[in-house]
Every structure is written in structure tokens, then in C-alpha cells.
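1. here's my sequence, what's the structure:
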Amino acid sequence: MGGGKGGITVDPRKLSKGELERLSRGWVQRLSDILGPKKDVPAPDVNTTPEIMAWMADEFEKITGDKTGATFTGKPLDKGGSEGRGPATGLGGFYVFDTLRADLGLPEKCKVVIQGFGNVGLNAAQIFTKHGHSVLAISDSKGGVYDANGLDLEKLEAHKKATGSLSGFPGSKNISNEELLETECDVLIPAAFENQITHENVSKLKTKVVLELANGPTTPEADEILFKKGIPVVPDVLANSGGVTVSYFEWDQNLKGEHWSEADVFAKLKPLMEDASKKIFQKAKENSTDLRRGAFILALERIKEKM
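-> You can find the predicted model right below:
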């Protein structure tokens with residue numbers, strides 16, 4: 001649970017609903033013997049919907065007779081999904097940021113720039129704004145918008161729904177994804193794809209902290225450069241783990257035949273994220289290294305202890 005990556009090389013937007021369902025079920029048919037609540041528990045990622053997870057869980061039940069639904073997470077609520085799974089990654093990232101903000105030397109009210117307008121990026125933008133921080137720029141795969149006074153996310157979302165694009169949002173300036181990464185801010189949040197911050201553009205970053213909500217958005221070369229420059233990178237393995245943590249909660253609820261409220265889910269998530277943040281920060285400090293290595297050291301020590 002959480003760690004392996006796998007998928008089907010296909011653009012789901014080009015498939016009919018029937019094709020997508022047959023493909024999802026076919027994937028489970030081929031892999032059913034290596035899946036299971038105590039073996040391998042897939043969760044959704046880019047281009048995967050709760051509906052797809054429901055098809056997969058249903059197919060697995062047909063093949064194996066397992067009625068728990070615990071083999072797949074990210075399911076719809078009426079099919080055994082967990083409350084709070086949608087915003088979990090963005091919210092978990094905020095809990096990590098909030099725990100480490102003072103230690104990282106950030107102001108009480110931060111200027112935030114976010115790459116990504118999907119589930120993670122948009123939820124993060126809404127959560128940061130709700131807590132009094134200002135989102136200056138945000139982008140999707142086509143490009144983004146910038147407003148020095150902070151973007152009105154509600155109006156921006158309506159604009160994207162109406163026009164299919166972020167560009168042309170009244171009162172904002174259109175920017176490219178390259179320009180977005182180079183925007184001056186307190187916190188830069190890559191929340192889209194991997195390998196966005198590289199040795200080629202890292203010197204142009206004007207942020208105090210990078211908070212990784214995407215998987216692997218910073219290359220190892222860029223990581224080294226940022227560490228030498230004194231720009232902390234809060235690594236994906238910590239910052240975006242709210243999603244997989246709530247996947248674990250979903251699995252737990254399925255196995256116990258329970259359904260927790262959203263308030264319960266968030267109340268369980270918050271202390272886990274805070275505790276992990278403090279321990280990783282401490283490990284990095286003790287070893288005079290970056291937060292990513294701090295996380296790896298803590299993980300390896302725990303594995304060693306269990307063995």
C-alpha cells in the first residue's frame with residue numbers, strides 16, 4: 001500500500017465509457033492473483049476516478065468472492081469509499097506545511113504558487129486560502145494565471161468550467177508553466193507531474209520552500225542545488241502522504257465493516273501528519289541533511305527495528 005506505481009498506457013479521454021470499463025475490469029482479471037487486501041492494494045492516481053476503482057473492486061469480488069472491498073481504495077462513498085479521500089492529499093500537505101512553517105522560517109501568512117489544477121492542486125489552493133494564505137499563481141497542463149493580490153479561486157473555477165481554460169481570467173495575467181515555477185513566492189507547490197524542477201530551471205526559482213504534492217516533481221540534481229542554496233524541499237514521501245494515509249483508513253474501515261465521518265477521518269489524519277513532520281524535521285537536523293534524506297533515515301531505522 002503506497003509505494004508501487006503501475007498503470008495502463010492509454011489516454012482515457014479517448015475511450016468510450018464501455019471501453020474504459022472493459023479495460024479496467026480486464027486489468028483486474030489479469031492481475032487478480034497478485035492483488036488482495038493483505039497482498040497489494042491499488043489506489044487511484046492521475047486519470048483514475050472513483051468509478052474506475054468501483055469497477056475494479058467489483059471485478060475482484062466476482063473473481064475471488066472477497067466481499068470486503070478492501071483490495072481497492074478511492075472508491076465512491078456508496079461502494080465502501082472513505083469520507084475525505086478527495087481532499088486528503090491537499091489537506092495532508094497543508095498539515096505538514098502548518099507544522100513546519102515556523103521551523104522553515106516562513107511568515108504567518110504566505111504567498112503560495114501552485115502547479116496543478118486537478119484534485120490535489122485545487123484542493124490545496126482552497127485549503128491554503130481558507131487558512132488566510134494567498135495563492136498568487138496556479139496552472140493546469142495548458143498554462144496558468146497570476147495575480148499579485150491573490151486569485152479568487154471560486155471565480156477562477158467557474159471561469160475554467162465555462163471556458164475550458166484558466167487563461168483569460170479577468171484581472172489576472174496569463175503565464176506559462178515555466179514562468180509559474182519562477183514566480184517569486186514563499187511556498188512553491190508542484191502538484192502535477194514528475195521532473196518539473198530540474199538542474200536547468202532550479203537556479204531561476206524564487207521561492208523560500210518547495211512543498212512537493214506531486215510524485216517526484218524535483219530531480220535529484222535539483223534537490224542537491226536547492227539544499228546548497230538553503231531552500232528546503234518538503235519531500236513528496238511526507239508532503240503528499242495524506243492521500244495514501246486516507247487510503248489506509250478506507251482499507252481499515254472496509255475490513256472492520258465501518259464507515260467513519262469526514263470529521264473523524266480528518267481528526268485521525270492530522271496528528272499522524274504532524275507527528276511524521278516533526279520526526280522527519282528532527283532527523284534531518286540531527287544528521288545535517290535535507291528533509292528527504294531525513295525521511296529516508298527515519299524509514300530505514302523503523303524497518304531495521306521491525307526486522
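
2. contacts for the helix of greatest length in the chain next, please.
-> Assignment by DSSP state H gives helix 262-286 as the longest helix of the chain. Helix 262-286 is contacted from outside by 82-84, 88, 91-92, 95-96, 99-100, 103, 238, 241-242, 245-246, 249, 260, 290-291, 293-295, 297-298, using CB atoms under 8 Å, 6 or more residues apart in numbering. No exception for glycine: its C-beta is placed from N, CA and C like everyone else's.

3. the nearest residue to Ser24 once chain neighbours are set aside - how many residues pack around it?
-> Distance criterion CB to CB, 6 or more residues apart in numbering; nearest residue to Ser24, sequence neighbours excluded, is Trp55 at 4.5 Å. Residues lying near Trp55 (other CB atoms under 10 Å) number 21.

4. OK, contacts around Trp55?
-> Glu21, Ser24, Arg25.

5. now Glu224: how far from Gly171?
-> As judged by CB to CB, to the nearest Å, Glu224 and Gly171 stand 39 Å apart.

6. over to Glu250?
-> Glu250 is 40 Å from Gly171, by CB to CB.

7. what segments of the stretch 51-200 of the chain are helices?
-> Assigned by DSSP state H, counting those that start in this stretch, the helices in the stretch 51-200 of the chain fall at 88-100, 119-130, 153-163, 177-181.

8. any weak-confidence spans in the chain?
-> 2-3 (pLDDT under 70).

9. hey, where'd the strands end up in it?
-> Counting by DSSP state E, the chain has strands at residues 111-115, 134-140, 143-146, 173-175, 185-190, 207-211, 233-234.

10. need those strands in a markdown table with distance to Ile63, can you?
-> Listed next are these as a markdown table, based on distance: least, CB to CB, whole Å:
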| stretch | distance to Ile63 |
| --- | --- |
| strand 111-115 | 39 |
| strand 134-140 | 37 |
| strand 143-146 | 44 |
| strand 173-175 | 48 |
| strand 185-190 | 38 |
| strand 207-211 | 40 |
| strand 233-234 | 40 |
